[in-house]
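Enquirer: Any chance you could fold what I've pasted below:
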Amino acid sequence: MINIIASRYAEALFQVGEESNSTEKLYNELKAVVDIINVNKEFSNILKSPIVSKEEKKTLITNIFGSTLDNEMLNFMKILADKDRLNLLANMEEAFKALLNDKNNILEGVAITAVPMNEGEVNELQAKLSAKYNKTVVLQNEVDKSILGGVLVRLGNEEIDGTVKNRLDKMKEQLSQVIS
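Expert: Here you go, the predicted structure:
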């Protein structure tokens with residue numbers, strides 16, 4: 001779940017991106033920063049540490065990202081350091097991605113199957129769901145052998161369960177009602 005504070009910062013950054021027509025670029029930079037921080041735990045700990053001063057964090061951000069980030073993103077990072085919000089960067093990335101998907105009419109989801117789907121099957125499922133939701137559906141395929149067969153699709157808060165396990169559970173429930 002996305003933090004409310006992180007969501008507000010993401011919205012502010014998104015608005016900056018809208019004004020400068022650079023939302024995609026800002027998202028890519030934000031994602032890159034989050035990836036770097038996630039990979040380097042020591043760096044992450046320094047940014048989150050209350051012992052390290054805000055000025056030291058801003059200097060560190062400038063030294064590490066100054067040559068690679070646009071001024072908008074660099075200033076955003078410095079504001080986060082000033083407000084002690086660097087620990088929410090991953091949540092901000094998630095919220096920003098949701099705003100970007102909404103702008104581009106994209107619905108992301110997961111297709112869970114017992115065996116991996118090939119690219120053609122994923123594309124076919126995406127096309128059918130795109131037509132149903134009138135949005136561009138983008139699916140990631142995950143494998144879960146416990147579903148036995150079929151597909152379980154999760155799109156946002158909605159779940160479409162076409163799995164064999166679900167069908168067997170329903171049959172079991174019906175049979176138990178008939179027997180009792």
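Enquirer: Average pLDDT for the one helix or strand Ile79 maps to, rounded please.
Expert: Using DSSP states H and E, the secondary-structure element containing Ile79 is helix 71-82. Model confidence over helix 71-82, given as mean pLDDT, is 94.
Enquirer: hmm, who's touching the next helix or strand after it?
Expert: Toward the C-terminal end, the helix or strand that comes next after helix 71-82 (DSSP H and E) is helix 89-103. Identification of contacts with helix 89-103 by CB atoms under 8 Å, 6 or more residues apart in numbering yields 2-3, 6-7, 9-11, 13-14, 23-24, 26-27, 30-31, 33-34, 37-38, 80, 106-108. Using the backbone N, CA and C atoms, a C-beta is placed for each residue, glycine as well.
Enquirer: how about the CA coordinates for helix 89-103, as PDB?
Expert: Presented in PDB, the C-alpha positions along helix 89-103 are these (Å, rounded to 0.1, in the frame of the first residue of the first chain):
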ATOM      1  CA  LEU A  89      11.500   7.000  -2.100                       C
ATOM      2  CA  ALA A  90      10.400   3.500  -3.000                       C
ATOM      3  CA  ASN A  91       6.800   4.400  -2.100                       C
ATOM      4  CA  MET A  92       7.100   7.600  -4.200                       C
ATOM      5  CA  GLU A  93       8.200   5.600  -7.200                       C
ATOM      6  CA  GLU A  94       5.200   3.300  -6.800                       C
ATOM      7  CA  ALA A  95       2.800   6.200  -6.500                       C
ATOM      8  CA  PHE A  96       4.500   8.100  -9.500                       C
ATOM      9  CA  LYS A  97       4.200   4.900 -11.600                       C
ATOM     10  CA  ALA A  98       0.500   4.700 -10.800                       C
ATOM     11  CA  LEU A  99       0.000   8.300 -11.900                       C
ATOM     12  CA  LEU A 100       1.900   7.700 -15.100                       C
ATOM     13  CA  ASN A 101      -0.100   4.600 -15.900                       C
ATOM     14  CA  ASP A 102      -3.300   6.500 -15.300                       C
ATOM     15  CA  LYS A 103      -2.200   9.300 -17.600                       C
END
